[in-house]
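**Student:** Whatever this is, show me its structure:
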Amino acid sequence: MGIQTMGKPFRAAPYTGLSGRGDGSLIDPAAGITRDVRNDDVTAFAGHADMARGAAGRGLHHGPDDLDPPGRIVASVAADAHGGEPVRSAVNQMLETRPADEHAGPKPTGSPSTGAGRDNGQAGGDPSGTLVIDESGTLDASTFEGRLEGIDTLRFTSHVTADASDFSEVGDIILEDGATLLNLGNEQTVTALNGSLDGEGEPLVLREAGQEVDIVTDFSGPGGHVDPDETLELVVEPTSEEIGGPIPYELGTLTLSGNGAVSYEDTGRGFENIDASSLTGGLTFSGQTYVWEHVFLGEGADTLNMAGKSNYYAADEITGFDVGEDSLDVISGEFGDVKVIEPDTQNWDRDALMNAEHQAIEVSGENGGAYVAFETDDSTRILGDTEGRRTGFLSDGDFSIKLVGTTGLTDILAAEGSL
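**Tutor:** The predicted structure is shown next:
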């Protein structure tokens, strides 16, 4: 249902504008406006509208040429937002009272085009570079045929199943309601505007994804608020390709960023690098046993479930673990108190490290397989005699993990027994 603005129903592509990936700025101001309209939040709408006008005032053109840039942004959102009368009135008032924009240029006469798919009916798509897809369900190649010229962003308003190779030239994919995407390319980025909350919401499922997977979350609600309980459930399925070598994992890098939380359990895809250093919403992560994973954490509160997921053969490395914010299951108390040892060494060379590891396993064996922690000059190591092959003897299947750059943790564990 379109909102009548200035007597005309507008059908235009929402602004996708600022990427936010480099400077942390809002990824999609239009998404905030849309939420404000739906939530009847006039105050938040005004703030987001000012943000949109500021972006437009810097010369960013995002919508149909029938309006100046601020009008285009708000009109495109108003076209499909289902808010109450107070915010609809605010939308209309903004359009009717918008000041002239020095970047707008001449306005053509006539009513705006309302072509199918909200691409203005042009074979080349919207001048903004964004094509909005309102169809839901399983989409085939015909959905995109003849509509991608000049398009660098696709925005899906409903849950879809789609083959990303059908729009491989499009770099940015925006999802309002989750999706199942096949053949996501290395150069494509997926931005999720919504996650799961209180049992509602759709996951993001990737099948046959490339080596480099880039996921962004932007869950900004009214007033820029992000609900900490809203979480993107991410599933990256193993590919069907037969990989040579003794370890059947594809490896590669999963990059996570944005303000919304992400939950990801590796069920066999086997990323070597999980880079969540720019994810402020927090990561809940469960790793893969025989992959040497390097996990980089960000500012959010992260939860790592690594028991049985990291071993001496392929000991994972966690960088950025914050003892005041993050949690790790093996030292949480779930498996009993953690033992702490203080190896007598001043020079942490290879021999000293191996001696400390063997000492840790001996203590673990003496305490029924308890986890044992010790600190080196720049990191914390946690081991456990969990394989049970020979009690007190280190083997490849015993638990081992390294918290890179984390110091001071053993003092807490020695005093409290857990974190």
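
**Student:** Quick one: neighbours of the spatially closest residue to residue 159 that is not a sequence neighbour, just the number.
**Tutor:** Leaving aside its sequence neighbours, residue 159 sits nearest to residue 177 (C-beta to C-beta, 6 or more residues apart in numbering; 4.5 Å). C-beta coordinates here come from the backbone N, C-alpha and C atoms, glycine included. By other C-beta atoms under 10 Å, the residues close to residue 177 number 15.

**Student:** and if you look at residue 138?
**Tutor:** When neighbours are counted by other C-beta under 10 Å, residue 138 registers 11.

**Student:** Who are the contact partners of it?
**Tutor:** 160-162 (C-beta atoms under 8 Å, 6 or more residues apart in numbering).

**Student:** and the strand or helix carrying residue 365, what other elements does it pack with?
**Tutor:** Per DSSP states H and E, residue 365 falls inside helix 350-366. Secondary-structure packing of helix 350-366 (3 or more C-beta pairs under 8 Å, 6 or more residues apart in numbering; DSSP states H and E): strand 371-375, strand 379-384.

**Student:** and these as CSV, adding mean pLDDT and distance to residue 327?
**Tutor:** Below are the helices and strands packed on helix 350-366 laid out as CSV (pLDDT from 0 to 100; distance: least, C-beta to C-beta, whole Å):
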stretch, mean pLDDT, distance to residue 327
strand 371-375, 97, 14
strand 379-384, 97, 13
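
**Student:** quick one: residue 206 and residue 181 touch, right?
**Tutor:** Yes: using C-beta atoms under 8 Å, residue 206 makes contact with residue 181 at a distance of 5.6 Å.

**Student:** what about residue 150, neighbour count?
**Tutor:** Neighbours of residue 150 (other C-beta under 10 Å): 15.

**Student:** And for residue 342?
**Tutor:** Neighbour tally, residue 342, other C-beta under 10 Å: 11.

**Student:** what do you get for the one 10 residues further on?
**Tutor:** Residue 352 sits with 15 neighbouring residues when counted by other C-beta under 10 Å.

**Student:** From residue 145, how far out is it?
**Tutor:** Per C-beta to C-beta, to the nearest Å, residue 352 is found 64 Å from residue 145.

**Student:** before we move on, what about residue 153?
**Tutor:** 18 Å.

**Student:** Comparing those two, which residue is more hemmed in?
**Tutor:** Neighbours per residue (other C-beta under 10 Å) separate residue 153 from residue 145, with residue 153 holding more: 24 against 10.

**Student:** what residues are up against that one?
**Tutor:** Applying C-beta under 8 Å, 6+ apart, the residues near residue 153 are 16, 129-131, 170-174.

**Student:** Most neighbours among these, please name it.
**Tutor:** residue 130 (27 neighbours).

**Student:** what about the helices in this protein?
**Tutor:** Assigned by DSSP state H, the helices in the chain fall at 29-38, 42-57, 69-78, 85-97, 350-366, 409-416.

**Student:** neighbours around the nearest residue to residue 340 once chain neighbours are set aside, how many?
**Tutor:** Counting by C-beta to C-beta, 6+ apart, residue 340 lies nearest to residue 414, which is 4.3 Å off, once chain neighbours are set aside. Neighbourhood size, residue 414 [other C-beta under 10 Å]: 14.

**Student:** Go ahead and confirm residue 414 touches residue 341.
**Tutor:** No: counting by C-beta under 8 Å, residue 414 does not reach residue 341; the two are 9.6 Å apart.

**Student:** Return the residues in contact with residue 419.
**Tutor:** 323, 327-328, 331-333, 409, 412-413.

**Student:** give me that answer again for 10 Å
**Tutor:** The neighbourhood of residue 419, defined by C-beta atoms under 10 Å, 6 or more residues apart in numbering, consists of 321, 323-324, 326-328, 330-333, 338, 373, 409, 412-413.

**Student:** Closest one of those residues to residue 219?
**Tutor:** Distances from residue 219 to these, taken as C-beta to C-beta, are shortest for residue 326 (20.1 Å).

**Student:** Who are the contact partners of that closest one?
**Tutor:** Contacts of residue 326 (C-beta under 10 Å, 6+ apart): 282-283, 297, 300-304, 318, 320, 403, 406, 419.

**Student:** rerun that using 7 Å as the cut-off
**Tutor:** With contacts taken as C-beta atoms under 7 Å, 6 or more residues apart in numbering, residue 326 has the following neighbours: 297, 301-302.
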